[in-house]
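Asker: heads up, no residue letters with this:
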DNA sequence: TCGTGATCATCC
DNA sequence: GGATGATCACGA
């Protein structure tokens, strides 16, 4: 699938997907539909990337760098409530002195997001889930303030060597949680005495209350 | 191993 | 029932 040349073109393409089941979309690309997502957790997101012409790859960049747009699928229930938190980016755990919010990956990724709601409960087979109306979103001043506050607090704790004491309960809208292949995947971080330690890689996630509110704000308009 | 795409499984 | 901590697959 070619890359959309503009934001309106991207939005149009996304709108044309609304109403389709994931099975219908997958079949149009000749992609097999998994029975469940236990071993294909990224299947929905990758299918939508393909359909919308996002750049594949694992670079810490937006999905459409030339458009300044990040693509996120978000599973919602029948009432429009997110079923999961939303992964944003991996958290830097070393060499973070002087890192500012303005230059952070979190802010960069969230500066403009194309949300694609995917309707369905966990009990619903992936192929039966329905693509919803897309939403092109940028944080309001208030939303950005909340994000910034949480990010700065969490990064402060990391820089203090407290990474192992940060739980997902920190932060109002943004949280830090493990982001790893398994419990043996370790990465370098800084301990309480400033010494190097090995710990689970962490990622920033948007809490469901935050994404629920931004979706609700949109769909009530 | 890291960063991408995330959801699973269990606890509270 | 919802959130936390753990985990799955893949490409580079």
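Answerer: Here it is on my side, so go on. Just so it is clear, the model here is predicted, and its values are computed rather than measured.

Asker: Tell me which residues of the worst-scoring helix or strand of chain A on mean pLDDT come out buried.
Answerer: Using mean pLDDT, DSSP states H and E, the weakest-scoring helix or strand in chain A turns out to be helix A:208-220, at a mean of 94. Across helix A:208-220, burial judged by 16 or more other CB atoms under 10 Å covers A:208, A:210-212, A:214-215, A:218. For glycine as for every other residue, the C-beta is placed from the backbone atoms N, C-alpha and C.

Asker: Residue A:87 belongs to a strand?
Answerer: Yes: assessed by DSSP: H, G, I helix; E, B strand; the rest coil, residue A:87 belongs to a strand.

Asker: model confidence over stretch A:122-135, on average?
Answerer: Predicted confidence along stretch A:122-135 averages 97 (mean pLDDT).

Asker: can you check stretch A:143-154 too?
Answerer: What stretch A:143-154 shows for mean pLDDT is 98.

Asker: Show me what from chain A comes close to DNA strand C.
Answerer: Residues of chain A lying near DNA strand C by CB under 7 Å from any atom of the strand: A:38-42, A:56-58, A:81, A:85, A:167-169, A:175, A:177-183, A:200, A:207-209.

Asker: Filter these down to the ones in strands?
Answerer: Members of the residues of chain A next to DNA strand C lying in strands (criterion: DSSP state E): A:175, A:177-178.

Asker: And these, which of them are buried?
Answerer: Of all these considered here, the ones buried according to neighbour count by 16+ other CB under 10 Å are A:175, A:177.
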